[in-house]
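Q: Give me coordinates for this.
(4 chains)
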4 protein chains.
Amino acid sequence: MTPPPPSADQQEPTPRVADTPRTSVGVLGARGRMGTEVVKAVTAAEDLELVAMIDSGDWLFDVANAGAQVVVDFTRPDVVMDNIRFCVDHDIHCVVGTTGFDAERLATVAAWLEAKPDVGVVIAPNFGIGALLLMKFAQEAARFFPSTEIVELHHPNKVDAPSGTAVRTARLVAEARRAAGLPPSPDATLDALPGARGADVEGVAVHAVRLTGLVAHQEVLMGAPGETLTLRHDSYDRASFMPGVLLAVRQIGSRPGLTVGIETFLGL
Amino acid sequence: MTPPPPSADQQEPTPRVADTPRTSVGVLGARGRMGTEVVKAVTAAEDLELVAMIDSGDWLFDVANAGAQVVVDFTRPDVVMDNIRFCVDHDIHCVVGTTGFDAERLATVAAWLEAKPDVGVVIAPNFGIGALLLMKFAQEAARFFPSTEIVELHHPNKVDAPSGTAVRTARLVAEARRAAGLPPSPDATLDALPGARGADVEGVAVHAVRLTGLVAHQEVLMGAPGETLTLRHDSYDRASFMPGVLLAVRQIGSRPGLTVGIETFLGL
Amino acid sequence: MTPPPPSADQQEPTPRVADTPRTSVGVLGARGRMGTEVVKAVTAAEDLELVAMIDSGDWLFDVANAGAQVVVDFTRPDVVMDNIRFCVDHDIHCVVGTTGFDAERLATVAAWLEAKPDVGVVIAPNFGIGALLLMKFAQEAARFFPSTEIVELHHPNKVDAPSGTAVRTARLVAEARRAAGLPPSPDATLDALPGARGADVEGVAVHAVRLTGLVAHQEVLMGAPGETLTLRHDSYDRASFMPGVLLAVRQIGSRPGLTVGIETFLGL
Amino acid sequence: MTPPPPSADQQEPTPRVADTPRTSVGVLGARGRMGTEVVKAVTAAEDLELVAMIDSGDWLFDVANAGAQVVVDFTRPDVVMDNIRFCVDHDIHCVVGTTGFDAERLATVAAWLEAKPDVGVVIAPNFGIGALLLMKFAQEAARFFPSTEIVELHHPNKVDAPSGTAVRTARLVAEARRAAGLPPSPDATLDALPGARGADVEGVAVHAVRLTGLVAHQEVLMGAPGETLTLRHDSYDRASFMPGVLLAVRQIGSRPGLTVGIETFLGL
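A: Here you go, the predicted structure:
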């Protein structure tokens, strides 16, 4: 997929970097599972420059000293607010994947940003573009189908069932069904073993499969007379979140204020 | 799925039909495979009244005599233009599923409608809502994935491969990829048996499976590093086209002029 | 799929029927949903001759008068025992798809057959070859995979969940796992919504999806480190049971005594 | 999944290892991609002891000095014959996953083993139990279905299409179809884009999808009137081959002579 290198006589004397200045990126939580992937992805991106890798025990100040324009934070709920505060104070844009944000925390960050009209912070529960598309499409299609159910399938080490993404998807579907005035999904079941028909999330049945060998998968099944529409997302690797992270890194400079979720960055 | 009947003290003395007058519908090609389904669907719809069933050998004039407000046409390319002309002249809206419309025919119909600013005609190659959603979602998602391929699966009596819907989907995907500036799908294949990599439709590989027992199915597979998104539509029965036909029947009265495809009626 | 007719000079003067006499078949329950399909299938088979169609109100004696060699019974639990008794007494082989056989009924039929060493009766809960293969393969593969779960998907008018076939498959899998000394499927779930993890059938999780548009489908998912094996059966039509019925009709003449299930006829 | 530790009063004074002596295993090609996985798997197995890790530049003699009872060879076609010869001479059993064995090489190894009636060598093109089960089931089921097609899906860096496993599966299916006297799969295609209907492998259509994000997947689709049976294998990780390798390591000591493929070790 990469073009072959130019032959010697075609090479330009001025280096490419002079034409398009690269964005300086610092990574907080750089030795964590997600941080490690972010470091790799930023390093591999031609338009980005990795200027700081920070983890617990390091000085947060180094990220400012290194001239980072954007920081990516995959740390922990107990430190992430301090990290964001520091970055906002130093005019550094933030792309935050750390979990644990409730309405109060979001309001706090929004308040900080009022004093810094040029700084952007995006806080996203999910950077997987495929998963976000799946949720969006399920939400859009739901009103056309009398029946919708969700099957999510994960490795057996997962502690919650159904997955957070499946519950979120079910809620979006339920909301779309209510808005369209749909009656409950038809179901003539009279004689069922306990659990057979899955969990009920606002009227949408959600089934959770746990299987050695699987990673993270989700299927939304929608049915109308004579046809079904199935939307399936398979996530095999943490690498799948990186396109969403890099997209946010590239766009956050022109998105001042607080953004929740990367959906708008995707133009969805 | 139907709401429970109102209890006695809630019932209105005037019958429901007086409140919302039903739309009168005529069916052209009423004894054909699609026409038969349309007759059944219109008969079953509480807000529609079947007033005429016309097929070859019958007088087209009967559809006007019967007071049809909307006509559904699933006939043949050699008679459909006469049918539309007749309906437009008699101020009857048309929902047309007959095939064989090219740019010239569409222009002719549009010209007829200029003289009748209140009449609506919709000509649609596909009334399957699931199939239309699949095409739309594939088109929207394509720019986020380096790779897209299509697998369509049909009964073995089908004479064309790939299916028209698969080719149309591939073209929409190819267009979205070009608009987003995507390079060709990566493919390191050096050593292939002829046909193994499918048909090439504007750079999108399309594979056609033919299998006893299947009906009509289509899968769009999209891949990015570490994840895949799969959109699948299964059509088991001609009944699956009826919700789209009825939707068009209900809306065409408020959609004057020529509409191609029912996508806008769906709010997509 | 049918071979081309022989050209004139290859044709034999003696008719084909003289060479291979056709088997005479009577159908009991001939106007029922399954019986109707059996009548069609027997009529279409070149090596079989339909000699009697019997339903409630008809004389059972007609099936003997007509010279039936084999009877196919898709009737009701309250009449099937009388039917079988009659056939055994008249040296007619029986292929029985009627439900409701317990150990006592099977013992009764076996006892009747002791007095008629040349007569065969096969009683089968399922004539679908695909479903039988699925069960067999699931049973064989189970011991190689730490995890097995089952997802069955049906139309929303089904009253039981999970389906009888899914429960039967789960029991076969559970038995194979016990025989191989496998520990329970790994599952770290701590925090689950009620029903999310499906029904527990002897330690095998079974999930039941109900969706407008679907017919009858079953998936067995098996996982080991780094890989999964999925077996899926889709049944679209009652016609899918006919190859199994015809196979039984053709073989029962050479299978005296009582046979339960058509697995042995399939050579499985 | 691990059993709970025994309570104090149940514990035996003598360590477990004294009761069941562990098998000593040497790994050839220990630094290669497969060899690395084998080293991990042998180390993790309680009944096996890793006594030698050999790669190019090391002395092959060390594997004998270390007392290896079994050697696992994932090396290269140009060295594997020397390795096997050395092991056979030193009474070491061999489990060989290296490729490039033709009839001549197999005959040579068989001849060496004649002089060593107690030594076992197994040479296998595929240690993936899931893939082997898929091939076996496809072969067994093929005769019951008028139609069989294969879809294999891989990452886009694969150079051959279809995959070797898919071609092997297609040949097994074709053989089973011929043995059952099945006519060609029905296919009314008259108007096809080149490649749409896949590659023809002895009459079985094989379709190869290449998609970023995928790893290695194969689907066998079989159809009969009104039903389909789908067998799918997903391989996510090289770890999936290890259960097959360890099974061979544990059994080869009691399987003297040359064995090709691990199917018989699986009891298939």
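Q: quick one: contacts of the lengthiest helix in chain A?
A: The single longest helix within chain A, with elements called by DSSP state H, is helix A:164-179. For helix A:164-179, the surrounding residues in contact (C-beta atoms under 8 Å, 6 or more residues apart in numbering or on different chains) are A:125-126, A:131, A:134-135, A:138-140, A:142-143, A:148, A:150, A:152, A:162, A:201-204, A:206, A:208, A:218, A:220, C:193. C-beta: built from backbone N, CA, C; applies to glycine.
Q: in that helix, what's buried?
A: Across helix A:164-179, burial judged by 16 or more other C-beta atoms under 10 Å in any protein chain shown covers A:165-170, A:172-174, A:176-177.
Q: quick one on the thing from earlier: so which of the contacts of helix A:164-179 belong to helices?
A: Secondary structure from DSSP H places A:131, A:134-135, A:138-140 of these in helices.
Q: what's the residue closest to the geometric middle of chain A?
A: Chain A has A:Phe127 as the residue nearest its centroid, 1.7 Å off, counting by C-alpha atoms, centre = their mean.
Q: how close does it sit to A:Ile84?
A: 17 Å (C-beta to C-beta, to the nearest Å).
Q: Could you do A:Asp91 as well?
A: Distance from A:Asp91 to A:Ile84, counting by C-beta to C-beta: 13 Å.
Q: Looking at those two, which is more packed in?
A: Counting neighbours by other C-beta atoms under 10 Å in any protein chain shown for A:Asp91 and for A:Ile84 shows that A:Ile84 has the greater number, 25 against 11.
Q: List the contacts of the more buried one.
A: Each residue near A:Ile84 by C-beta under 8 Å, 6+ apart is listed here: A:73, A:94, A:96, A:109, A:112, A:121.
Q: now do 6 Å
A: For A:Ile84, the contact set (C-beta atoms under 6 Å, 6 or more residues apart in numbering or on different chains) comprises A:94, A:109.
Q: Now do it, the pLDDT please.
A: A:Ile84 is assigned 97 on the pLDDT scale.
Q: Name the helix or strand for it, please.
A: A:Ile84 belongs to helix A:77-89 when assigned by DSSP states H and E.
Q: Who are the packing partners of the next helix or strand after that helix?
A: Following helix A:77-89 in sequence order, the next helix or strand is strand A:93-96 (DSSP H and E). Contacts defined by 3 or more C-beta pairs under 6 Å, 6 or more residues apart in numbering or on different chains; DSSP states H and E place strand A:93-96 against strand A:70-73, strand A:120-123.
Q: Tell me which stretches of the stretch 151-268 of chain A form strands.
A: According to DSSP state E, counting those that start in this stretch, the stretch 151-268 of chain A carries its strands in the segments A:160-161, A:191-192, A:199-201, A:204-210, A:216-224, A:227-235, A:257-260.
Q: Make a markdown table out of those and add mean pLDDT, distance to chain B and mean neighbour count.
A: Formatted as a markdown table, those follow (pLDDT from 0 to 100; distance: least, C-beta to the nearest C-beta, whole Å; neighbours: other C-beta atoms under 10 Å in any protein chain shown):
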| stretch | mean pLDDT | distance to chain B | mean neighbour count |
| --- | --- | --- | --- |
| strand A:160-161 | 94 | 21 | 22 |
| strand A:191-192 | 94 | 19 | 12 |
| strand A:199-201 | 98 | 18 | 19 |
| strand A:204-210 | 98 | 16 | 27 |
| strand A:216-224 | 97 | 6 | 25 |
| strand A:227-235 | 97 | 4 | 24 |
| strand A:257-260 | 96 | 18 | 18 |
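Q: Tell me which of those lies nearest to D:Val42.
A: strand A:204-210 (28.0 Å; C-beta to C-beta).
Q: Is the closest one in proximity to chain C?
A: Yes. Residues of strand A:204-210 are located near chain C by C-beta under 6 Å from any C-beta of the partner chain, namely A:207-210.
Q: Export that strand to PDB, keeping only CA atoms.
A: The C-alpha trace of strand A:204-210 is given here as PDB (Å, rounded to 0.1, in the frame of the first residue of the first chain):
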ATOM      1  CA  VAL A 204     -34.700  -4.900  23.700                       C
ATOM      2  CA  ALA A 205     -33.400  -8.500  24.300                       C
ATOM      3  CA  VAL A 206     -29.600  -8.700  24.700                       C
ATOM      4  CA  HIS A 207     -27.800 -12.000  24.800                       C
ATOM      5  CA  ALA A 208     -24.200 -12.400  26.000                       C
ATOM      6  CA  VAL A 209     -22.000 -15.200  24.700                       C
ATOM      7  CA  ARG A 210     -18.700 -16.000  26.500                       C
END
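Q: close to chain D, is that strand?
A: No. Residues of strand A:204-210 contacting chain D under C-beta under 6 Å from any C-beta: none, with a closest distance of 12.3 Å.
Q: what's that strand packed up against?
A: Applying 3+ C-beta pairs under 6 Å, 6+ apart, one finds that strand A:204-210 contacts strand A:147-154, helix A:164-179.
Q: now do 10 Å
A: The contact analysis (3 or more C-beta pairs under 10 Å, 6 or more residues apart in numbering or on different chains; DSSP states H and E) places strand A:204-210 against strand A:147-154, strand A:160-161, helix A:164-179, strand A:199-201, strand A:216-224, strand C:147-154, strand C:204-210, strand C:216-224.
Q: low-scoring stretches of the stretch 51-200 of chain A, by residue?
A: For the stretch 51-200 of chain A, applying pLDDT under 70 flags no range at all.
Q: can you list the residues of it near chain C?
A: For the stretch 51-200 of chain A, the residues in contact with chain C (C-beta under 10 Å from any C-beta of the partner chain) are A:145-163, A:166-167, A:185-200.
Q: out of the helices and strands packed on strand A:93-96, deepest packed?
A: With neighbours taken as mean count of other C-beta atoms under 10 Å in any protein chain shown, the helices and strands packed on strand A:93-96 reach their highest mean count in strand A:70-73, at a mean of 27.
Q: roughly how far is that strand from the heart of the chain?
A: Taking C-alpha atoms, centre = their mean, to the nearest Å, the mean C-alpha location of strand A:70-73 is offset from the chain mean by 14 Å.
Q: quick revisit: in terms of distance to chain D, which of the ones in helices among the contacts of helix A:164-179 ranks first?
A: Checking these against chain D with C-beta to the nearest C-beta, the nearest one is A:Ala131 at 13.1 Å.
Q: Burial check on the closest one, number of neighbours?
A: A:Ala131 has 23 neighbours, counted by other C-beta under 10 Å.
Q: was I right about it contacting A:Gly244?
A: Yes. Using C-beta atoms under 10 Å, A:Ala131 makes contact with A:Gly244 at a distance of 9.1 Å.
Q: re earlier: mind exporting the C-alpha coordinates of the longest helix of chain A to PDB?
A: Provided in PDB are the C-alpha atoms of helix A:164-179 (Å, rounded to 0.1, in the frame of the first residue of the first chain):
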ATOM      1  CA  GLY A 164     -21.300  -1.700  28.100                       C
ATOM      2  CA  THR A 165     -21.400  -1.200  24.300                       C
ATOM      3  CA  ALA A 166     -24.300  -3.700  23.900                       C
ATOM      4  CA  VAL A 167     -26.300  -2.000  26.700                       C
ATOM      5  CA  ARG A 168     -25.600   1.400  25.100                       C
ATOM      6  CA  THR A 169     -26.700   0.100  21.700                       C
ATOM      7  CA  ALA A 170     -29.900  -1.400  23.200                       C
ATOM      8  CA  ARG A 171     -30.800   1.900  24.800                       C
ATOM      9  CA  LEU A 172     -30.300   3.800  21.500                       C
ATOM     10  CA  VAL A 173     -32.500   1.200  19.700                       C
ATOM     11  CA  ALA A 174     -35.100   1.400  22.400                       C
ATOM     12  CA  GLU A 175     -35.200   5.200  22.100                       C
ATOM     13  CA  ALA A 176     -35.600   5.100  18.300                       C
ATOM     14  CA  ARG A 177     -38.400   2.500  18.700                       C
ATOM     15  CA  ARG A 178     -40.200   4.700  21.200                       C
ATOM     16  CA  ALA A 179     -39.800   7.800  19.000                       C
END
